[in-house]
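J.: Predicted model, plus sequence, below.
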Amino acid sequence: MKSSAAYRAIALVIALSLAFAAAFPYLAGAQSEFMRGDRMPYDAFEKLPKTDLDVPGGVIHVAFAPGEIALPTEKVLDWVRTSANAVATYYGRFPVNDLKLLIVPVNGPRVRGGTTWAYRGAAIRVLLGRDSSESDLRRDWILVHEMVHLALPDLAERHAWLSEGLAVYVEPVARVQAGDLQANEIWQAMMRDMPQGLPQAGDRGLDNTDTWGRKYWGGAMFCLLADIEIRKATGSRRGLQDAMRGVIGAGGNHEQDWSLARVLATADKAVGGDVLTRLYNEMGPKPVTPDLAALWRDLGLRPRGEAMEFDDTAPLAAIRKAITARPQ
Ligand SMILES: [Zn+2]
């Protein structure tokens, strides 16, 4: 009776644990206090010891949730510095004065996920595989992606495509600008993945179509088109980068709630013109299908089997180079 009921309960817990471990093997070793729900565990974070890293324009307070990590702590901190440096290269400074960065060891290799919050101060939680190697960290894009989220005010959910689109588009560009990635790798990836952002049957524009492809790659497509249009309009002296730096300069970062209209108007003002607002008025409320094949051709992208060659005589070749050039 009681004891057999207790046995059954224990057996059930074991079965559930095994099922959970099978379904989410990298989470099996995670500390639940630091993993619970979809909220940042601010209170638990405050109790952990911190290492403060000075980065251009800010400080990152790094804390590790309990658990083993194969790499020495210094190598993990180097990865945090490298990621922050790429974001600071793109935006001219780290987007927030203070960041709480919680690193949670989980089973397996590689960085397994990340989330960014700001409702009690800018915070990122990353799940770091305890068996990660140095090259796993060198190849990681997740931490830079999350840090790019810090550079944009918190928007309404229907405008999440801009937040994710910027993170998808800016992350590789920032890493090339910082010297952490080769330009041909990111253009190859864009050619391969950008079609996932095209509208499908029944699409009602970026604001009204809640699919993964439209949110991430549709948003990234908006950013690429905006970057090219701003550069065309300014003789390539200004780009999306300068527009988004203008948002940070006006006090806009993830700790602020702004409307999309305010973000776009502030960004447009920083580069003189209305490219972002105009493009949003086209792509926000209705499906727009750009001719990507023509765009890649004009940028001078020539896939050669597994490799990619650049055609520097193509009409937008100078703009392609300007997008990934290290800023002054
Ligand atoms: Zn994201």
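T.: Perfect, thanks for sending it.
J.: okay, CA-based contacts and neighbour counts for the rest of this
T.: Will do.
J.: For stretch 139-153, buried residues please.
T.: 140-153 (16 or more other Cα atoms under 10 Å).
J.: What segments of the stretch 151-300 of the chain are helices?
T.: 160-177, 183-193, 212-213, 219-233, 240-249, 260-271, 275-283, 292-299 (DSSP state H, counting those that start in this stretch).
J.: Kindly reformat these as TSV containing distance to W79.
T.: TSV is the format used below for the helices of the stretch 151-300 of the chain (distance: least, Cα to Cα, whole Å):
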stretch	distance to W79
helix 160-177	12
helix 183-193	20
helix 212-213	28
helix 219-233	25
helix 240-249	23
helix 260-271	30
helix 275-283	33
helix 292-299	32
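J.: what about the ones you listed, which gets the closest to A322?
T.: Closest approach to A322 among the helices of the stretch 151-300 of the chain (Cα to Cα): helix 219-233, 8.6 Å.
J.: Enumerate the positions of that closest one that are buried.
T.: Within helix 219-233, the residues scored as buried using 16+ other Cα under 10 Å are 219-231.
J.: Tabulate those in a markdown table, adding columns for distance to R302.
T.: Below are those laid out as a markdown table (distance: Cα to Cα, whole Å):
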| residue | distance to R302 |
| --- | --- |
| G219 | 24 |
| A220 | 21 |
| M221 | 19 |
| F222 | 22 |
| C223 | 22 |
| L224 | 18 |
| L225 | 19 |
| A226 | 22 |
| D227 | 21 |
| I228 | 18 |
| E229 | 22 |
| I230 | 24 |
| R231 | 22 |
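J.: Of all pairs in those, which one is the farthest apart?
T.: Farthest pair in the buried residues of helix 219-233, by Cα to Cα: G219 and R231, 18.5 Å.
J.: quick one: the helices in the stretch 1-150 of the chain?
T.: 2-23, 32-35, 42-47, 73-91, 134-139, 142-149.
J.: picking up where we left off before, adding pLDDT and distance to G249, write the buried residues of helix 219-233 out as a markdown table.
T.: Below are those laid out as a markdown table (pLDDT from 0 to 100; distance: Cα to Cα, whole Å):
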| residue | pLDDT | distance to G249 |
| --- | --- | --- |
| G219 | 98 | 23 |
| A220 | 98 | 22 |
| M221 | 98 | 25 |
| F222 | 98 | 22 |
| C223 | 98 | 19 |
| L224 | 98 | 22 |
| L225 | 98 | 23 |
| A226 | 98 | 19 |
| D227 | 98 | 19 |
| I228 | 98 | 22 |
| E229 | 98 | 22 |
| I230 | 98 | 18 |
| R231 | 98 | 20 |
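J.: Confirm for me that A86 is in contact with V170.
T.: No - assessed by Cα atoms under 8 Å, A86 is found out of contact with V170, at 9.9 Å.
J.: Under the pLDDT cut-off, which ranges of this protein? List them.
T.: 1-31, 37 (pLDDT under 70).
J.: hmm, 50 instead?
T.: 1-18, 20, 29 (pLDDT under 50).
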